[in-house]
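Enquirer: missing the sequence, but the structure's below:
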């Protein structure tokens, strides 16, 4: 019963996320609404961690395989992608590096500055 | 083989998972970034349906049940976020600075490179939301008048590349704090990168999950401004 209860709860929250997406005219997907709802429910204690933990962790663990069909689907967009291949490849590679370095190094600098200040107190 | 695939409900799923299993084995044996299980499984599946003359739609008739799990799985990313809430609160300044910095950098890099490559407006806005999660990115691209199918393809390519090379990039640029690593993965390569961050550790995974939502929403707001630049 434990897993059944957990999966029902998770799907119910997903459904509420879909409902919000249907009602609110913004480019926000159901999954993001659902994530916020589950987070708020956990914080307020409306849902206990043990009500979703095992099934949730399982789904997160197998998440990479959920992207396989979309990846294989690249063959169907090959026709349109072909015309932009060089800029797409260039922009994808360079942006990946710049964004990782920006997000990573900026946050790391702030964290380390905070640690230094604590050490001096 | 197409006719059997048409009859079968499980062929697409089993092919995908089996191919992923081969990827995991190769990764274990060779320990090289290029043997990324996700990439390997995509390549093997493409080869099998290519040589077997199976339509993508026929393959996807079964395989779509894997994609079906994506929405509830993304909802579940709230769990590690909740578990790491204290850490997040203590480091909120670093997290906010990192995510704003990451999003602005993403949009600016695309803008500068679009100028260099001489892209037109439609091509430029197609690539603007490339670092964020597919569902939000599609919406942004559509709203700004981009080619949505290309946006989706580029988002997936970005994710797979982040999943493959993220660890190396963190190493080369000395990003060692678990919080920062997580933010870097989530901001640059959304849910596919987060899948990798989850393997690195709970803190990395939680921060990466947060980055998907925050960077996605920031991009929705900022992309409409950047769209006017070119």
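Expert: Cool, got the structure. As the structure is a prediction and not an experimental result, all values here were calculated from the model.
Enquirer: quick check, central residue of chain B?
Expert: What sits nearest the mean C-alpha location of chain B, by Cα atoms, centre = their mean, is residue B:159, with 2.9 Å.
Enquirer: surely it touches residue B:186?
Expert: No: using Cβ atoms under 8 Å, residue B:159 is not in contact with residue B:186, being 10.8 Å away. Backbone N, C-alpha and C define where each C-beta goes, glycine included.
Enquirer: spit out the residues that contact the two alike.
Expert: residue B:193 (Cβ atoms under 8 Å, 6 or more residues apart in numbering or on different chains).
Enquirer: which stretches of the chain have low pLDDT?
Expert: As the question left the chain open, I've gone with chain A. Counting by pLDDT under 70, the ranges of chain A that qualify are A:121.
Enquirer: actually it's chain B I care about, not the one you picked
Expert: B:1.
Enquirer: all helices of it, in order?
Expert: Taking DSSP state H, the helices of chain B run over residues B:2-7, B:11-30, B:37-51, B:56-68, B:70-76, B:78-83, B:85-90, B:92-117, B:121-127, B:134-144, B:148-172, B:178-200, B:202-226.
Enquirer: do any residues in the fifth one lie close to chain A?
Expert: It refers to helix B:70-76. Yes: Helix B:70-76 is in contact with chain A by Cβ under 8 Å from any Cβ of the partner chain, via B:70-76.
Enquirer: return the closest of the residues you listed with respect to residue B:149.
Expert: Comparing these against residue B:149 with Cβ to Cβ picks out residue B:70 as the nearest, at 18.3 Å.
Enquirer: and for that closest one, nearest residue in space, chain neighbours not counted?
Expert: The shortest distance from residue B:70 to any non-neighbouring residue, by Cβ to Cβ, 6 or more residues apart in numbering or on different chains, is to residue A:66 (4.7 Å).
Enquirer: now do the contacts for that neighbour.
Expert: Counted by Cβ under 8 Å, 6+ apart, residue A:66 has contacts B:66-67, B:69-70, B:73.
Enquirer: so among the residues you listed, which ones count as buried?
Expert: When the contacts of residue A:66 are checked for burial by 16 or more other Cβ atoms under 10 Å in any protein chain shown, the buried set is B:66-67, B:70, B:73.
Enquirer: same list (those residues) but as CSV, adding distance to residue B:209.
Expert: Putting those into CSV (distance: Cβ to Cβ, whole Å) gives the following:
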residue, distance to residue B:209
B:66, 20
B:67, 19
B:70, 14
B:73, 11
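Enquirer: tell me the centre residue of chain A?
Expert: Closest to where the C-alpha atoms of chain A average out (Cα atoms, centre = their mean) is residue A:32, at 7.7 Å.
Enquirer: how much space is there between it and residue B:210?
Expert: Separation of residue A:32 from residue B:210 (Cβ to Cβ, to the nearest Å): 11 Å.
Enquirer: same question for residue B:94.
Expert: For residue B:94 relative to residue B:210 (Cβ to Cβ), the value is 12 Å.
Enquirer: and residue B:26, by the same measure?
Expert: Counting by Cβ to Cβ, the gap from residue B:26 to residue B:210 is 32 Å.
Enquirer: hang on, residue A:51 packs against residue A:6?
Expert: Yes: with contact defined as Cβ under 8 Å, residue A:51 reaches residue A:6; the gap is 6.5 Å.
Enquirer: compare those two (neighbour count), which wins?
Expert: For residue A:51 and residue A:6, the more surrounded residue by other Cβ atoms under 10 Å in any protein chain shown is residue A:6, and the numbers stand at 20 against 17.
Enquirer: closest to residue A:88 out of the helices of chain B?
Expert: Of all the helices of chain B, helix B:148-172 comes closest under Cβ to Cβ, at 5.8 Å.
Enquirer: circling back to that earlier point, just the helices of chain B: most buried one?
Expert: Ranked by mean neighbour count, the helices of chain B are led by helix B:178-200 with a mean of 29 (mean count of other Cβ atoms under 10 Å in any protein chain shown).
Enquirer: tilt between it and helix B:134-144?
Expert: Helix B:178-200 and helix B:134-144 meet at an angle of 120 degrees, taking axes from the mean of the first three to the mean of the last three Cα atoms, to 10 degrees as the criterion.
Enquirer: how about helix B:178-200 and chain A, touching?
Expert: Yes: Helix B:178-200 reaches chain A (Cβ under 8 Å from any Cβ) through B:179-181, B:183-189, B:191-192, B:194-196, B:198.
Enquirer: state the distance from residue B:16 to residue B:108.
Expert: Taking Cβ to Cβ, one finds residue B:16 at 36 Å from residue B:108.
Enquirer: apart from its chain neighbours, what residue comes closest to residue B:75?
Expert: residue A:34 (3.6 Å).
Enquirer: for residue B:107, same thing?
Expert: Counting by Cβ to Cβ, 6+ apart, the residue nearest residue B:107 is residue B:226, at 4.7 Å.
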